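In: Next one to model:
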Amino acid sequence: MADQLSDIVESSEVERLATGFVFTEGPLWHPDGYLLFVDIRRSLIFRLVPGGEPEVMRENSGGSNGLTFDLQGRLIMCEGDNRRITRMRSDGAVTPVAERWEGKRLSRPNDVVGLSDGSLYFTNPGARLDPSDREIDFDGVHRIAPDGGVTAVITDFEYPNGLAFSPDESTLYVANTREAMHIKAFDVHADGSVANGRVFADMSSDEPDGVPDGMKVDVEGRVYCTGPGGCWVFDASGGRIGIIRLPEIPANCAWGGAGNRTMFFAARTSVYSMIMTTPGTSIPTAD
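Out: Next up is the predicted model:
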């Protein structure tokens, strides 16, 4: 492991928690002490208590990908195949949160993150849809307001994928998963809109595998983004600190565990974990 990561990564080695999947994604730590993640190719959502065996929590999940919680702790899911954002109630019932924008069907919601005001932001790339099935003619980021209204906040992105907020929620980071491999940063306004898009970090690489994808932030503002060769770590100004290497290329990551210092990685056929020295930012909850 690169020396510049020694002040960030506490683990001496990565721990593999489970394996045997097709393509893992969407890791999410539940405060009750277990990890949720998806096997996206099989449209399954798993529940894993560290040290135990993974159990299927939801079948036929509509190609679920990114996961988060709303302020009430209910599971929010990006259902790419079903082209919608859904919520799971405490009784297990799944209900739509967003299916359309301005009357047009969503493309393929990919990842989702929430703000402390209860709004949700999700990426909505359409490149994998047949052109005849696309109703929204741009790849962008949408916002679901607390009242359920859906707006488009970014309408000119190449391929928006993972997204995350800075600790003070003043900046939205969005990963681009195509030839222009980078993270862009946007200022977040009081009304929920975003502006001033600029390249925060360049992730161009000669690494043979991996693209900018899932992203998380720690309480000191460092940005962790899965990408070519592993999980890239940047300081709050966009300077690259190093790449965390894993046995498999990760697609997404999530904070959890004791003190919110464990980083969980969804990496191809497996799920891994490493302990960091600095806690991650927490998912907002209602007071």
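
In: What's the per-residue pLDDT of the residue lying closest to residue 118 once chain neighbours are set aside here?
Out: Closest residue to residue 118 in three dimensions, ignoring its sequence neighbours and counting by CB to CB, 6 or more residues apart in numbering: residue 146, at 3.9 Å. (C-beta placed from N, C-alpha, C; glycine too.) As predicted, residue 146 sits at a pLDDT of 97.

In: Residue 146: what's it in contact with?
Out: Neighbouring residues of residue 146 by CB atoms under 8 Å, 6 or more residues apart in numbering: 117, 118, 119.

In: again, but for residue 236
Out: By CB under 8 Å, 6+ apart, the contact list for residue 236 reads 166, 220, 221, 222, 223.

In: neighbours of the nearest residue to the second one once chain neighbours are set aside, just the number please.
Out: It refers to residue 220. Nearest in space to residue 220, with sequence neighbours left out and distances taken as CB to CB, 6+ apart, is residue 278 at 5.6 Å. Applying the criterion other CB atoms under 10 Å, we find 16 residues in the vicinity of residue 278.

In: cool, residue 180 as well?
Out: Other residues within reach of residue 180, judged by other CB under 10 Å, total 14.

In: Doesn't the residue nearest to residue 220 belong to a strand?
Out: No: with the criterion set as DSSP: H, G, I helix; E, B strand; the rest coil, the secondary structure at residue 278 is coil rather than a strand.

In: Relative to residue 32, how far out is the residue nearest to residue 118?
Out: To residue 32, residue 146 is 25 Å away according to CB to CB, to the nearest Å.

In: Just to check, residue 276 is in contact with residue 263?
Out: Yes: look at residue 276 against residue 263 with CB atoms under 8 Å: they come within range, at 5.5 Å.

In: Looking at these two, which has the bigger crowd around it?
Out: When neighbours are counted by other CB under 10 Å, residue 276 and residue 263 differ, and residue 263 comes out ahead with 28 against 23.

In: Could you pull up the contacting residues of the more buried one?
Out: By CB under 8 Å, 6+ apart, the contact set of residue 263 is 216, 224, 231, 253, 254, 255, 273, 274, 275, 276, 280.

In: For the first one, give the beta-bridge partners.
Out: To tie it back to what came earlier, the one meant is residue 216. Following DSSP bridges, residue 216 is listed with bridge partners residue 224.

In: Enumerate every residue touching it.
Out: Residues touching residue 216, when contacts are defined by CB under 8 Å, 6+ apart, comprise 164, 223, 224, 253, 254, 255, 263, 280, 281.

In: quick one: it from residue 226, how far?
Out: Distance of residue 216 to residue 226, given as CB to CB: 9 Å.

In: Correct me if wrong: the residue nearest to residue 220 contacts residue 224.
Out: No: the pair residue 278 / residue 224 is not scored as a contact, 10.4 Å apart, by CB under 8 Å.

In: Need the residues touching each of the two.
Out: Counting by CB under 8 Å, 6+ apart, the residues touching both residue 278 and residue 224 are residue 218.

In: just to revisit the earlier point, filter the contacts of residue 146 to the buried ones?
Out: The neighbour count (16 or more other CB atoms under 10 Å) marks residue 119 as buried among the contacts of residue 146.

In: can you list the contacts of residue 146 in CSV and add secondary structure, distance to residue 243 and pLDDT?
Out: Conversion of those to CSV gives the following (DSSP: H, G, I helix; E, B strand; the rest coil; distance: CB to CB, whole Å; pLDDT from 0 to 100):
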residue, secondary structure, distance to residue 243, pLDDT
117, coil, 34, 97
118, coil, 35, 98
119, coil, 32, 98
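
In: Does residue 238 touch residue 201 like I think?
Out: Yes: counting by CB under 8 Å, residue 238 does reach residue 201; the two are 4.5 Å apart.

In: got any residues that touch both of the two?
Out: Residues touching both residue 238 and residue 201 comprise 183, 223, with contact defined as CB under 8 Å, 6+ apart.

In: who has more neighbours, the two?
Out: A direct count of neighbours by other CB under 10 Å for residue 238 and residue 201 places residue 201 higher, at 23 against 16.

In: Name all residues that make contact with the more buried one.
Out: With contacts defined as CB under 8 Å, 6+ apart, the neighbours of residue 201 are 182, 183, 223, 225, 232, 234, 238, 240.
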